[in-house]
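Engineer: just to be clear, the model below is a prediction. Sequence and coordinates:
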Amino acid sequence: MQHFLSVHDATNIDTLVNEGLQLKKSPFAHKHLGENKTIGLLFFNQSLRTRLSTQRAAQNLGMNTMVMTVGQDSWGLELEEGVIMDGGNAEHVKEAAAVMGKYCDILAVRAFAGLQDREKDYAELVMTQFKKYAGVPIVNLESATRHPLQSLADCITIEEYKTTARPKVVLTWAPHFKSLPQAVANSFCEWMTRRDVEFVVTHPEGYELNPDYLNNAKVVYNQDEAFAGADFIYAKNWSSYEQYGKVLTKDPSWMITQQKMDLTNKGKFMHCLPVRRNVKVTDEVIDGPQSIVVEQAGNRLWSAQAVLKQILETL
Amino acid sequence: MQHFLSVHDATNIDTLVNEGLQLKKSPFAHKHLGENKTIGLLFFNQSLRTRLSTQRAAQNLGMNTMVMTVGQDSWGLELEEGVIMDGGNAEHVKEAAAVMGKYCDILAVRAFAGLQDREKDYAELVMTQFKKYAGVPIVNLESATRHPLQSLADCITIEEYKTTARPKVVLTWAPHFKSLPQAVANSFCEWMTRRDVEFVVTHPEGYELNPDYLNNAKVVYNQDEAFAGADFIYAKNWSSYEQYGKVLTKDPSWMITQQKMDLTNKGKFMHCLPVRRNVKVTDEVIDGPQSIVVEQAGNRLWSAQAVLKQILETL
Amino acid sequence: MQHFLSVHDATNIDTLVNEGLQLKKSPFAHKHLGENKTIGLLFFNQSLRTRLSTQRAAQNLGMNTMVMTVGQDSWGLELEEGVIMDGGNAEHVKEAAAVMGKYCDILAVRAFAGLQDREKDYAELVMTQFKKYAGVPIVNLESATRHPLQSLADCITIEEYKTTARPKVVLTWAPHFKSLPQAVANSFCEWMTRRDVEFVVTHPEGYELNPDYLNNAKVVYNQDEAFAGADFIYAKNWSSYEQYGKVLTKDPSWMITQQKMDLTNKGKFMHCLPVRRNVKVTDEVIDGPQSIVVEQAGNRLWSAQAVLKQILETL
């Protein structure tokens, strides 16, 4: 069964990227594929881009959609096996996933990291349980440790905007006052280390990512050095992996400013959004000509549609 | 106008059961019926199976769907007639139902019992008001005292899994720490007493159901005696009808265990879900080969589709 | 680009009214227009009629729909430019609007007045920002100062129910204990002063509307005098514009009673709903033969469909 939980489910990234670019040109060329098919979108957390782009992608493919906010529209879900369910969660994911698999041809699930218990988050319990019990393909709409539809959209965007055969792509940590997951950064590393790019990660000490996801990417602790000659600056905040979930610094000198962008090779500014303006990046940069954040977000539609198309072809 | 509020709206249960089984084989055979038709799903309470299975059933029939959480997406609804509306509810059901009937071809409504005022709950104010004012067919998605789409799915499931012409079906109370409605139990009695089965209800003293719904079903206070030779064990918790809404006991000896299932005739285990594992039933039973709870929930789709098909044929 | 934010976007009201009346007769005559098109409905506030009628209108035109509650389904949106985003809102409307415009062919937005800061509310920040940044047509589903889809439905309703060539239409303030926006009253004035009717506004002193919206409509402070010979009584509460957002009086003598309706020329009773029964209007009036509130709400579907049809024809 063809799931899409991580880069490991992408048999060929080039094919997926090209599929996305083709769909962008001909969005409705495959409407027959989704006929009589329904996708269920399940949100344990808030969403804007993912919620709307995945729905639209499914509609472009002729599918019906159903959206549900877990614990609000439906019951809270218990994820642990073997427990006495006398707490707040009225339903076990075992039944919930299996039952939803009876009503949906594909299930797409968002469930963020709790950032309290590293082992638990990195065990990816929600995705694992849905994969195990639903009986239908599962699509990751951002899990505790990954956001592969975002990464695929990022690959498509870099493909569109690159001006050299092998661009320099820099993932830079940016400051934030809240504790945020590592998912987007993890995933970006997983995908970029498999692309034909010069990839550099930069962050303050203590913000080292999980090596399994970093995948031997080059790490530079000096942001200015990392930015030198970059074609793409990909900004993102994440909390510490080592001191799990902790905000070790809010050092404003890591905010992306025009001065820093000037160190690059007229580099494009990317961010997965939402972004805190004038906390992570200045208005000047995000509103300026180097920013491609809106086009990047627009490509979420084509990354979702490429993945759903591939899955529909196996059903 | 053909509503579906209770068993009394099911002119022929056999026909509905067979319709459901037919639709399970050919889900898309009647897509023309729902063309240009829209169903509105209104939830006063949470839902997983009902929310998704009814949407999917409508989609299979070619209908459009709209889902609304009352009091969250929309205004809180006043149900009492003649009141000065200076409280928390901004809109009267009279207008709300009539107006929604202008936008929807069918309205499906979920509104649980409040469990504070027995007379009020059993007056079924929400369903009655919607039936009176909406001007379109109303489908009960679980009301204060009934859950007929669940019961129809249960009939379909028993029809599929029975191995004798006249199986023994046991409705057993199971312990729970919260006060739950009688709706599922009431409805199951209403439907089972009209089927060709040997039907037995078992519960602790004090948990007697409303006689109008029990419909002369045989009651046995000894759970083990009830289970003897059973082909189907249908577990459900409900709060007291006599001491209305009270939890009189949480006696764990009423939990469904494998030891108890062994008293049956290799009986199938059923539950409408969600279920509290290791409170109402052990993991061993629900995960074991006698459990058909997922298949039962899957049949919610076909029970909803059978009912919607019959209604669409009258529009 | 053809937006629909106010009466100023309605090039010809007669045409829109007739379009609405035509669509009421042939709801599905233009299903091809919406093929492969998606409308996004964004709610900053609760909704019943608007939420359902706009969805249904889009479905009748063959469109797909996506509904999102801002700040609940998605992130809270920052509306001010140039701020350091270290508060509760995680995303700026600049990005949010631009991104949603990538996924939707039309965006429809509801955002009520905050009633704290008059200048801010009357600057119509949300509508202005969406219009500026989304890159697709914006439809106003009730903004801080206007509710044009309601006003168009009101025009359609008056056209249907008028019995003289130039009916007398009275907008009357009615009491309410909460602070409500001026949007519906403002809009009704904007539209009625452009129709061939005798239009009179009546309210207690201190409830004068913004002159830019009142548009030289005649104001009478004596409710009985205003009602004399009226063909349509349009009741609505609003808070003070001068003492912004204040409830200056709850004077029950302004409630619409049958005695007052008897002063009219067998006048029809209208209200945009939801309405507080026996606070703004007696049961006797709203349930009586002069009330057309349900028919009026029903016309919300045709006003939305007329507007969406006009926009789709430009895409």
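Structural biologist: Looks like it arrived, so ask away. Residues are numbered from 1 along each chain as shown, chains lettered A, B, ... in the order given.

Engineer: span of stretch A:237-257 from start to end?
Structural biologist: 15 Å (CA to CA, to the nearest Å).

Engineer: alongside chain C, which residues does the stretch 151-300 of chain A contribute?
Structural biologist: Selection of the stretch 151-300 of chain A residues close to chain C by CB under 8 Å from any CB of the partner chain yields A:177, A:273-279, A:283, A:286-287, A:293-294, A:297-298. Where C-beta positions appear, they are placed from N, C-alpha and C, glycine not excepted.

Engineer: which parts of chain A belong to which domain?
Structural biologist: A:7-146+A:300-312, A:150-297 (automatic domain parsing).

Engineer: wait, residue A:136 touches residue A:105, no?
Structural biologist: Yes. Using CB atoms under 8 Å as the test, residue A:136 is close enough to residue A:105 to be in contact (6.1 Å).

Engineer: so the two - more neighbours on which side?
Structural biologist: A count of neighbours by other CB atoms under 10 Å in any protein chain shown puts residue A:136 above the other of residue A:136 and residue A:105, at 22 against 19.

Engineer: contacting residues for that one?
Structural biologist: A:1, A:101, A:104-107 (CB atoms under 8 Å, 6 or more residues apart in numbering or on different chains).

Engineer: just the ones of those in strands?
Structural biologist: Judged by DSSP state E, the subset of those located in strands is A:106-107.

Engineer: could you say what helices and strands the helix ranked longest in chain A packs with?
Structural biologist: For chain A, the longest helix by residue count, based on DSSP state H, is helix A:293-312. Other helices and strands packing on helix A:293-312, by 3 or more CB pairs under 8 Å, 6 or more residues apart in numbering or on different chains; DSSP states H and E, are helix A:13-25, helix A:49-60, strand A:106-110, strand A:138-140, helix A:148-161, strand A:268-270, helix C:93-103.

Engineer: point out the most buried one among these.
Structural biologist: Stretch with highest mean neighbour count among the helices and strands packed on helix A:293-312: strand A:138-140 (a mean of 28; mean count of other CB atoms under 10 Å in any protein chain shown).

Engineer: columns distance to residue B:162 and mean pLDDT on top of the domains of chain A, output as JSON lines?
Structural biologist: What follows is these, written out as JSON lines (distance: least, CB to CB, whole Å; pLDDT from 0 to 100):
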{"stretch": "domain A:7-146+A:300-312", "distance to residue B:162": "21", "mean pLDDT": "97"}
{"stretch": "domain A:150-297", "distance to residue B:162": "48", "mean pLDDT": "98"}
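
Engineer: among these, which is nearest residue C:143?
Structural biologist: domain A:7-146+A:300-312 (20.4 Å; CB to CB).

Engineer: contact partners for the residue in the stretch 151-300 of chain A positioned nearest to chain B?
Structural biologist: Nearest to chain B in the stretch 151-300 of chain A, going by CB to the nearest CB, is residue A:274, at a distance of 22.9 Å. Going by CB under 8 Å, 6+ apart, residue A:274 touches A:48, C:75, C:90-92, C:95-96.

Engineer: try 6 Å
Structural biologist: By CB atoms under 6 Å, 6 or more residues apart in numbering or on different chains, the residues touching residue A:274 are C:75, C:90-91.

Engineer: could you do residue A:106 as well?
Structural biologist: By CB under 6 Å, 6+ apart, the neighbours of residue A:106 are A:39, A:137, A:311.

Engineer: scan those and report the most crowded one.
Structural biologist: Neighbour-wise, the contacts of residue A:106 (other CB under 10 Å) top out at residue A:39, 28 neighbours.

Engineer: host element of that residue?
Structural biologist: strand A:38-43 (DSSP states H and E).

Engineer: doesn't residue A:239 fall inside a helix?
Structural biologist: No. Using DSSP: H, G, I helix; E, B strand; the rest coil, the assignment for residue A:239 is coil, not a helix.

Engineer: ok, back up a step: what angle sits between the longest helix of chain A and helix C:93-103?
Structural biologist: Angle of helix A:293-312 versus helix C:93-103, following axes from the mean of the first three to the mean of the last three CA atoms, to 10 degrees, is 40 degrees.

Engineer: return helix A:293-312 as CSV; C-alpha atoms alone will do.
Structural biologist: Coordinates of each C-alpha in helix A:293-312 appear next as CSV, following Å, rounded to 0.1, in the frame of the first residue of the first chain:
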residue,chain,number,x,y,z
VAL,A,293,7.2,32.7,0.1
VAL,A,294,3.8,33.2,-1.6
GLU,A,295,4.9,31.3,-4.7
GLN,A,296,6.3,28.6,-2.4
ALA,A,297,3.1,28.3,-0.5
GLY,A,298,1.2,28.2,-3.8
ASN,A,299,3.2,25.1,-4.8
ARG,A,300,1.7,23.3,-1.8
LEU,A,301,-1.2,22.7,-4.1
TRP,A,302,0.9,21.0,-6.7
SER,A,303,2.9,18.9,-4.3
ALA,A,304,-0.3,17.6,-2.7
GLN,A,305,-1.8,16.9,-6.1
ALA,A,306,1.3,15.1,-7.3
VAL,A,307,1.2,12.8,-4.2
LEU,A,308,-2.5,12.2,-4.4
LYS,A,309,-2.3,11.4,-8.1
GLN,A,310,0.4,8.8,-7.5
ILE,A,311,-1.7,7.2,-4.8
LEU,A,312,-4.9,7.3,-6.8
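
Engineer: neighbouring contacts of it?
Structural biologist: A:2, A:4, A:16, A:19-20, A:23-24, A:30, A:33-34, A:49, A:53-54, A:56-57, A:60-61, A:106, A:137, A:149, A:152-153, A:156-157, A:270-271, A:273, C:98-99, C:102-103.

Engineer: once you drop chain neighbours, what's closest to the closest residue to chain B within the stretch 101-250 of chain A?
Structural biologist: Among all residues of the stretch 101-250 of chain A, residue A:102 sits closest to chain B, at 3.6 Å; criterion: CB to the nearest CB. With sequence-adjacent residues excluded and distances taken as CB to CB, 6 or more residues apart in numbering or on different chains, residue A:102 is closest to residue B:298, at 3.6 Å.

Engineer: how many neighbours does the one you found have?
Structural biologist: Counted with other CB under 10 Å, residues neighbouring residue B:298 total 21.

Engineer: residue A:209: what's it in contact with?
Structural biologist: So residue A:209 contacts A:185, A:241 (CB under 6 Å, 6+ apart).

Engineer: quick one on the thing from earlier: and the residue of the stretch 151-300 of chain A closest to chain B, what are its phi and psi?
Structural biologist: Main-chain dihedrals, residue A:274, degrees, to the nearest 10: phi -70, psi 150.
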